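Trainee: here is my input, please return the structure:
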Amino acid sequence: MAPALNTRHATVLKAFFISGTLLLVLGVYGVDDKVGQSNRKQECSSRSKDRKMAGVLDRAPRRAMDAVKLVFDTDATFPQPVPYDPSQSSISPWNYSSITDDNLIPPVIPQAYCLKEGCLDADGVEDMNLISKPILLQIMVLRRVNQKNRIVLKMEKKMVSVGCTCVRPFVLSQD
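Mentor: Predicted structure coming up:
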């Protein structure tokens, strides 16, 4: 059985309950009327702008929007350095050159080329039982074309190599 509360403890609990309820009803800004009114007006105007820009927010209850906190994590915005260079630690190493064409957007496109014909074994010796082949990727670029004294941009596909990999040689028998 719980111990009986004396009147002093009951009064303190009632005071905490009432002050907590007031804090919830009035909010943090309810204490200072001028600050509370100006901040609430700013929140309402920014909230209405947000609602106009995102239709999803129109369907969200107002209290749910008030409870959302956004935290900007500076560590997440900057990419961490890669601890190793995959182009040099691969068993099919590659390097990059640049293709430059001023009529393309982007004007400079990096292109990988394989450094070995074969692939490296565990000791770093080239093994010709496997061969290095480029990994191709199709990208979209814009090409500037002059038409009737004006520049027109046309979209075109371009194949670029982004790295190298090892494959078994493909041998056709002529029987």
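Trainee: please name the nearest non-neighbouring residue to N103.
Mentor: Spatial nearest neighbour of N103, excluding adjacent residues (CB to CB, 6 or more residues apart in numbering): R144 at 4.7 Å. Where C-beta positions appear, they are placed from N, C-alpha and C, glycine not excepted.
Trainee: who touches that neighbour in this structure?
Mentor: Contact analysis of R144 by CB atoms under 8 Å, 6 or more residues apart in numbering lists 103-105, 151-153.
Trainee: name the SS class of it, please.
Mentor: Assigned by DSSP: H, G, I helix; E, B strand; the rest coil, the conformation of R144 is strand.
Trainee: just use 31 as the starting number from now, easier for me
Mentor: All right, first residue 31 from here; so that's R174.
Trainee: check what pLDDT it gets.
Mentor: We have a pLDDT of 91 for R174.
Trainee: tell me the bridge partners for it.
Mentor: L183 (DSSP bridges).
Trainee: gap between it and S203?
Mentor: 49 Å (CB to CB, to the nearest Å).
Trainee: again with V138
Mentor: Taken as CB to CB, the span from V138 to S203 is 44 Å.
Trainee: count of neighbours near the nearest residue to L145 once chain neighbours are set aside?
Mentor: Distances taken as CB to CB, 6+ apart place P123 nearest to L145, at 4.6 Å, with adjacent residues excluded. Neighbours of P123 under the rule other CB atoms under 10 Å: 18.
Trainee: since that was my last question, I'll sign off now.
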